[in-house]
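Chemist: Return a 3D structure for these sequence lines:
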Amino acid sequence: WHNSLAYTVDDENQLLNQFAPVYVAEGVDEDYNRIGKPVALVEQNQVSVKIDSGQGAVYTSRRDFSTQLGNYTNIFYRIHFSKVPLRYLGAGKNVGLLVVVTLDEKKRPLLYTLLHTCGCYLAFIPTSYLPEEMWKKGWTRGRQSVYGENLPTYLEFSGAQEQNIIIHLRPETHRVKNVWLMVESELETLPQAHLQVYPFEDLEHLHLPDGSLTSFYETTGARRDYVKGSQKIWERLLISWWALDWRVGEDKKLGKHPEDGLVFYTSLKPWAREESDLRDFPNFLKYWGWRL
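Modeler: Predicted coordinates:
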């Protein structure tokens, strides 16, 4: 764990605190590998945003939903990095990662959903609390390849001790390179940093030096609801023409429902934009084959 940090959460909200991932980031001698906090500034009379890697922050949201099979709770965790370097396909500034923890009525974690805040690199990991008849057809216990990363297909909760989910992050691209469960006492062996917890809504009310407020997202024009400064040059050149989206790969706001903000599609198939929209979680699960 040389040159790594385990970012932990300690919040008054018991539910947020209990299910918060521990993020293990590598290469933290480089600012862009550290989890940071979005801040607003004025440069050449223009308002802009950046990620301050000196302050660790995680943004959260609780959203309840129902299907024909039951009532569930999603806890969203959103973190940000200052950039992905130019040598990678996903190069860009102010990038982010989402972890969604789906709980049952007994507040047990059933399913982890991982993706970047552009909707890319989607991965699902069911747990031992999710009945196998609710799994995606053909899903097996083992490992899965997610756009070149090797992740588990299943997490087993066991024993009386509380277990934390560990999200191991690759340096530079901030891709999830591995996921596992660890009891709290084992965490003490890792060098740690703390993440301050904020609600999703705070991203739309960043303080400027003069005391006024601005949003992390554009609020007008063609880039409305996209993260300020998040243009992805390589993805635009190489992917936008066949994905039929000029702003493919750009990080964006995750709205609360299908009428709030941009379509948060998770499939590059142009005809599957609505069906794969993360804002409509029951429909999103159905599209990807999960039978909750």
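Chemist: ends of stretch 36-50, how far apart?
Modeler: 9 Å (Cα to Cα, to the nearest Å).
Chemist: Identify the residues contacting it?
Modeler: For stretch 36-50, the external contacting residues (Cβ atoms under 8 Å, 6 or more residues apart in numbering) are 51-57, 80-82, 93-94, 196, 203, 206-210, 214, 216, 227-229. Glycine gets a C-beta too; all of them are placed from N, C-alpha and C.
Chemist: With stretch 164-172 instead?
Modeler: 6, 19, 21-27, 30, 32-33, 84-85, 88, 97, 99, 101, 109, 112, 114, 149, 155, 175-184, 187.
Chemist: how does it look with 6 Å?
Modeler: Defining contact as Cβ atoms under 6 Å, 6 or more residues apart in numbering, one finds that stretch 164-172 is touched by 21-27, 33, 85, 176-180, 182.
Chemist: hang on, the earlier thing: tell me which of the contacts of stretch 36-50 fall in strands.
Modeler: Of the positions in the contacts of stretch 36-50, 51, 52, 57, 80, 81, 82, 93, 94, 196, 206, 207, 214 sit in strands, assigned by DSSP state E.
Chemist: What subset of the residues you listed is buried?
Modeler: Among those, those scoring as buried are 51, 52, 57, 80, 81, 82, 93, 94, 206, 214 (criterion: 16 or more other Cβ atoms under 10 Å).
Chemist: mind putting those in JSON lines, pLDDT and distance to residue 1 included?
Modeler: Output for these, formatted as JSON lines (pLDDT from 0 to 100; distance: Cβ to Cβ, whole Å):
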{"residue": "51", "pLDDT": "97", "distance to residue 1": "23"}
{"residue": "52", "pLDDT": "97", "distance to residue 1": "24"}
{"residue": "57", "pLDDT": "97", "distance to residue 1": "22"}
{"residue": "80", "pLDDT": "98", "distance to residue 1": "23"}
{"residue": "81", "pLDDT": "98", "distance to residue 1": "19"}
{"residue": "82", "pLDDT": "97", "distance to residue 1": "22"}
{"residue": "93", "pLDDT": "96", "distance to residue 1": "28"}
{"residue": "94", "pLDDT": "97", "distance to residue 1": "27"}
{"residue": "206", "pLDDT": "96", "distance to residue 1": "33"}
{"residue": "214", "pLDDT": "96", "distance to residue 1": "37"}
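Chemist: In those, find the pair that's most separated.
Modeler: Within these, two members stand farthest from each other by Cβ to Cβ: 81 and 214, at 20.2 Å.
Chemist: re earlier: which single one of the ones in strands among the contacts of stretch 36-50 is nearest to residue 236?
Modeler: For these, the nearest to residue 236 is residue 93 (14.1 Å; Cβ to Cβ).
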